[in-house]
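[1] Sequence and predicted structure, then a few things I'm wondering about:
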Amino acid sequence: MEHRIALKKVEYVTHNVLHLIAEKPKGYSFSPGQATEVSIDKEGFRAKKRPFTFTSLPEDEDLEFTIKIYPSHDGVTKELHHLKVGDCLLIGDAWGTIQYKGPGVFIAGGAGVTPFIAILKDLNRKGKLAGHRLFFANQKEKDIIYKNKLKTWLGDDVVHMLSKEDKDHVPHGHINRAFLEQQQIDSSGYVYLCGPPAMMDALSAEIYALGVPKDHLITEDPE
């Protein structure tokens, strides 16, 4: 079912990440970590649907999206750059297999952190964040989405990794098996993984090699 929702707030949270707040259709439901297909209600864009994750919670009054955009590219993300309050989006029903199963670690690359934002926000609201960790890979420090919010929620249990910038206070490189071994992750807990396809492919095998059971690796089902 398609819903038309009007934007109530449009703001940037990093140099290339847009935070949108929109009205929520009556009775609309989803679980933290889920997404929906979104298109822009403008001529030439209504059929161009893209998957975006909710960064609001089901009980919130409004819907929120946190979206990485590419103004230099023609297409949907460039058009998102021009959105303003009062413009409308078209969304479908919620879908997605990234849902909270139990305590563990979250591993995110870039905008792949968005389903975890909702899950962590939910855990924080319930007072159940203790014991969870987030490993967050980005190219540069300026790319880190909600850096201060994540620090407030998780403290030293959020660990950043930068691949294209050397900073004294941030590890440099890529999240891999050696890094996860160094972090001494609990292989009996859940591992939540979301990021670019290459990162997902490389890390899935390495996570299993650490002894994490297959049903304890939570990712977006490609099907």
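    Everything's here; your move.
[2] Centre of the chain to the helix or strand of the chain with the lowest mean pLDDT, how far?
    The helix or strand of the chain with the poorest confidence is helix 76-80; it has a mean of 87 (mean pLDDT, DSSP states H and E). Averaging C-alpha positions (Cα atoms, centre = their mean, to the nearest Å) puts helix 76-80 18 Å from its chain's average.
[3] Any buried residues in the longest strand seen in the chain, and which?
    Identified as the longest strand of the chain according to DSSP state E is strand 3-14. Neighbour counts over strand 3-14 (16 or more other Cβ atoms under 10 Å) mark 3, 5, 7, 10, 13-14 as buried. Glycine gets a C-beta too; all of them are placed from N, C-alpha and C.
[4] Closest one of these to Arg125?
    Set against Arg125, the nearest of the buried residues of strand 3-14 by Cβ to Cβ is Val13 (19.4 Å).
[5] Could you chop the protein up by domain?
    3-91, 104-218 (automatic domain parsing).
[6] Tell me where this protein is predicted with low confidence.
    222-223 (pLDDT under 70).
[7] What lies in contact with the least confident helix or strand of the chain?
    For helix 76-80, contacts defined as Cβ atoms under 8 Å, 6 or more residues apart in numbering pick out 18, 39-40, 42, 45, 48, 50, 67-72.
[8] Check stretch 1-8 too.
    20-25, 28, 41, 62-63, 83-93.
[9] Restricted to buried residues, select the residues you listed in PyMOL.
    Burial among those is assessed by 16+ other Cβ under 10 Å; the matching PyMOL selection reads:
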select buried, resi 20+21+22+23+24+28+63+83+87+89+90+91
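[10] Sitting in strands, which of the contacts of stretch 1-8 do you find?
    Per DSSP E, the subset of those in strands is 20-23, 62-63, 88-91.
[11] Those into TSV, with extra columns for distance to Ile185?
    Formatted as TSV, the ones in strands among the contacts of stretch 1-8 follow (distance: Cβ to Cβ, whole Å):
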residue	distance to Ile185
Leu20	33
Ile21	34
Ala22	36
Glu23	40
Asp62	35
Leu63	33
Cys88	43
Leu89	37
Leu90	40
Ile91	35
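[12] helix or strand for the residue of the chain positioned farthest from its centre, which one?
    Most distant from the centre of the chain: Glu43, at 28.5 Å, with distances by Cα atoms, centre = their mean. Under the assignment given by DSSP states H and E, Glu43 is not contained in any helix or strand.
[13] ranges for the helices of this structure?
    76-80, 114-125, 147-154, 177-182, 197-209 (DSSP state H).
[14] Columns mean neighbour count on top of the ones you listed, output as TSV?
    Below are these laid out as TSV (neighbours: other Cβ atoms under 10 Å):
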stretch	mean neighbour count
helix 76-80	18
helix 114-125	22
helix 147-154	16
helix 177-182	14
helix 197-209	15
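[15] Out of these, which is closest to Glu141?
    helix 147-154 (7.9 Å).
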